[in-house]
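Trainee: with the input below, show me the fold.
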Amino acid sequence: MPLEISKALNYLYLGSHWFKSSLRLLFSDFVVRRIFIVAAAVNLLAWLGAFLLARSIGDNLAVLHYNVVFGIDLIGPAFHLYAIPGIGTAIIAINILFAASLSGLRDRAISVIIATASALSNTIAISALYFAYFVNFS
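Mentor: Numbers count the residues shown, from 1 in each chain. Here you go, the predicted model:
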């Protein structure tokens, strides 16, 4: 049993070393680093927008989703609006992990595309919050 634990700890140590070096290699690229910074800044704006929107709605029910064809199709408590920037944060984290695992291949174009997808998805999250604001207060 102690041998298996020792092997598992060794694999975790080697994996963490590989992951740290992959992150260092990923963020050494100026363009990728800047795009991920923009994605994080947009995500912070989404968190701020969700906080302000949930605070302005208060304890009332909020319209969480509106469809042009069917109209209002999802109503719930205002704190469910935090799922929108939460998903954006998860997308950034998953894309950083994915880009770091590919950065060892020295393929810059794929890392830039992944970073751009993070920034674009968080921009879409902000537009979703805007439309949630528009539906709730008009």
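
Trainee: point out where the protein drops to low pLDDT.
Mentor: Residues of the chain meeting the criterion pLDDT under 70: 1, 104-106.

Trainee: helices of that one, residue ranges please.
Mentor: 2-27, 30-57, 83-103, 108-136 (DSSP state H).

Trainee: give me the buried positions along the second one.
Mentor: Put plainly, it is helix 30-57. 32, 35-36, 38-40, 42-43, 45-47, 49-50, 53-54, 57 (16 or more other Cβ atoms under 10 Å). For every residue, glycine as well, the C-beta is placed using N, CA and C.

Trainee: try the longest one
Mentor: The neighbour-count check on helix 108-136 (16+ other Cβ under 10 Å) flags 111, 114-119, 121-123, 125-126, 128-129, 132-133, 136 as buried.

Trainee: and if you look at the shortest one?
Mentor: The neighbour-count criterion (16+ other Cβ under 10 Å) identifies 84-85, 87-89, 91-92, 95-96, 99-100, 102-103 as the buried residues of helix 83-103.

Trainee: what lies in contact with it?
Mentor: Under the contact criterion Cβ atoms under 8 Å, 6 or more residues apart in numbering, helix 83-103 has outside partners 19, 22-23, 25-26, 29, 32, 36, 39-40, 42-43, 46-47, 49-50, 110-111, 114-115, 117-118, 121-122, 125, 128-129, 132.
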